[in-house]
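# give me a model of this one.
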Amino acid sequence: MTFVHPMALWLLVPAGVLLAWRWLGGGRTGLRLPGHWRRVIDAAMRSFMAQRVKSDSRLPVAFWTSLWTLLVVGLAEPTLDSGAPAAYGNLAGRVLAVDLGAGEDVVEQRLLAYRILDASPETPTALVAASAESFDVVPLTTDRAQLDRYLQVLDAELMPVSGRAVGIAIVHSEQLLERAGVIVGQTVLLTGGLAPPADSAKAGAWLRALVVARPHPPGWETYAEHTGAQLVNGESLSEVLEALDDEVADVIRDADRSGDFPLGYWLVAVATVLWILFFRRLRSA
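Sure thing, here's the model as predicted:
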């Protein structure tokens, strides 16, 4: 059993204090007859009559303690664990798309790619080369040697076509993720230079990031907003990694809880029934 809000269990402390007070006899020290009954009842009978009046007019402390415990545990939202977490074949994937038509120093683009690979070696990563058209270079893999081998030779002069089409590069990369059946995917475009005009690469379901030189050349903020992408540079590269990690953590957490049985609603329902029965008892009395 796990609790969604375990800190709420601290509210059980007052119930424990009340029970301890009751067991230590504190619940009896304040017993007295109401009104002026003590004047007409013999002293030897007062304690017995006070206890009888109390038991007839109020429910035991155990009832209130049980009711409070049910409500507090319900607020903590306990769940019965369903067992082992779900296993995924293609949970996460990242595509590094190198914009070779940006007119940027390809060495700097390689270094940024290396930094991403170094920081997340367990994340399957693919490599795409982009100019006026985009081409798959390396499919999704964790084989660092394979990725390094092709990163080292990427160059604009080796591209079969020249030019630049940033939107096509983004869409092409996301199609690669879709074909691979990835659940949580991210496209990272290593680019720079002047920002392209708005194109067809509008915000979609995949995570997107644009990595450009610092400071950002004019127009990139507008383009990032248009495409629904993070705009970062070499100094804020960790934000790209965290975005994918956070999304993966959310998917795993939701999947693990999908088969759990929540108990909180049932505990609150039981407390509500007890509360209603209490009022019925008062009415009957």
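# wait, is residue 104 part of a helix?
No: using DSSP: H, G, I helix; E, B strand; the rest coil, the assignment for residue 104 is coil, not a helix.
# ok, the closest residue to residue 169 other than its chain neighbours - how many residues close by?
Nearest residue to residue 169, sequence neighbours excluded (CB to CB, 6 or more residues apart in numbering): residue 130, at 3.5 Å. Bear in mind the C-beta positions are built from the backbone N, C-alpha and C, glycine included. Look at residue 130: counted by other CB atoms under 10 Å, it has 26 neighbours.
# show the pLDDT at residue 130.
At residue 130, the pLDDT value in this model is 95.
# for residue 213, see how far away it is.
For residue 130, the distance to residue 213 equals 17 Å [CB to CB, to the nearest Å].
# can you list contacts of stretch 102-117?
The contact list for stretch 102-117 (CB atoms under 8 Å, 6 or more residues apart in numbering) reads 94, 96, 98-100, 125, 127, 144, 147-148, 151-152, 154-156, 164, 188, 190-193, 211, 213, 234, 237, 240-241.
# got it, and stretch 65-73?
In contact with stretch 65-73 (CB under 8 Å, 6+ apart) are residues 8-9, 11-12, 14-15, 18-19, 263-264, 267-268, 270-271, 274-275.
# next structured bit after whichever strand or helix holds residue 172?
Taking DSSP states H and E as the definition, one finds residue 172 inside helix 166-179. Later in the chain than helix 166-179, the nearest helix or strand by DSSP H and E is strand 184-190.
# report the angle between the axes of that following strand and helix 166-179?
Interaxial angle of strand 184-190 relative to helix 166-179 (axes from the mean of the first three to the mean of the last three CA atoms, to 10 degrees): 150 degrees.
# just checking, what packs against strand 184-190?
strand 92-99, helix 106-119, helix 166-179, strand 207-211, helix 238-258 (3 or more CB pairs under 8 Å, 6 or more residues apart in numbering; DSSP states H and E).
# could I get the average pLDDT for the last one?
Helix 238-258 carries an average pLDDT of 82.
# buried stuff in that helix?
Neighbour-count burial for helix 238-258, counted by 16 or more other CB atoms under 10 Å, picks out 240-241, 243-244, 247-248, 251-252, 256.
# same question for the second one.
Neighbour-count burial for helix 106-119 flags 106, 109-110, 112-113, 116-117 (criterion: 16+ other CB under 10 Å).
# and the strand or helix carrying residue 18, C-alpha only, in PDB?
Per DSSP H and E: residue 18 is located in helix 13-23. The C-alpha coordinates for helix 13-23 follow below in PDB (Å, rounded to 0.1, in the frame of the first residue of the first chain):
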ATOM      1  CA  VAL A  13      -1.600  12.600  16.100                       C
ATOM      2  CA  PRO A  14      -4.600  14.400  17.800                       C
ATOM      3  CA  ALA A  15      -6.600  11.100  17.700                       C
ATOM      4  CA  GLY A  16      -3.600   9.300  19.400                       C
ATOM      5  CA  VAL A  17      -3.400  12.000  22.100                       C
ATOM      6  CA  LEU A  18      -7.200  11.700  22.700                       C
ATOM      7  CA  LEU A  19      -7.000   7.900  23.100                       C
ATOM      8  CA  ALA A  20      -4.000   8.200  25.400                       C
ATOM      9  CA  TRP A  21      -5.800  10.700  27.600                       C
ATOM     10  CA  ARG A  22      -8.800   8.400  27.700                       C
ATOM     11  CA  TRP A  23      -6.800   5.300  28.700                       C
END
